[in-house]
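In: got a predicted model here, sequence first, then my questions.
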Amino acid sequence: MQSRTGLVEAIILEVKDRERIGDSYSKSGMMWKNVVKLELYRKFTNSLAVFVLVAIAWLYFNASDPLNELWRIVWIIPAFWIVLAFFLLAVVCVLWAPSHHRTRYA
């Protein structure tokens with residue numbers, strides 16, 4: 001009877017140990033997903049910062065011409081915002097493009 005009790009206790013301890021090991025593997029998988037997402041959002045944040053700086057530079061360029069001496073290139077002003085929005089969309093499409101790694105860690 002004593003040996004059976006010891007065997008049952010050993011089996012229970014082994015099962016508990018395996019559960020803890022499984023939990024640590026699943027947590028490390030979750031951490032890997034978080035690292036991948038953090039890298040993705042870091043790239044997106046850097047891209048947004050660049051676009052904001054370009055937009056501010058463009059606004060300064062437009063504000064520094066009070067007499068409208070650049071009338072020959074006035075068509076560029078509305079086109080700039082369209083092109084800037086297009087490039088922002090392109091960056092988002094590249095960052096969130098479907099791939100094996102993106103679907104695996106989503």
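Out: Received the coordinates, thanks. Keep in mind the model is a prediction, meaning the values are calculated, not measured.
In: what about Phe80, distance to Ser99?
Out: Distance from Phe80 to Ser99, counting by Cβ to Cβ, to the nearest Å: 32 Å. C-betas here are computed from N, CA, C, even on glycine.
In: ok, Val54 - how many residues close by?
Out: As a burial measure, Val54 scores 14 neighbours (other Cβ atoms under 10 Å).
In: what's the nearest residue to it if we skip its chain neighbours?
Out: Leu84 (6.7 Å; Cβ to Cβ, 6 or more residues apart in numbering).
In: with Leu40 instead?
Out: Ranked by Cβ to Cβ, 6+ apart and with sequence neighbours excluded, the top spatial neighbour of Leu40 is Leu95, at 6.0 Å.
In: which residues does the one you found contact?
Out: Neighbouring residues of Leu95 by Cβ atoms under 8 Å, 6 or more residues apart in numbering: Leu40, Lys43, Phe44, Ser47.
In: how about low-confidence regions in this protein?
Out: Across the chain, the ranges flagged by pLDDT under 70 are 1-8, 13, 15-33, 65-68, 70, 101-106.
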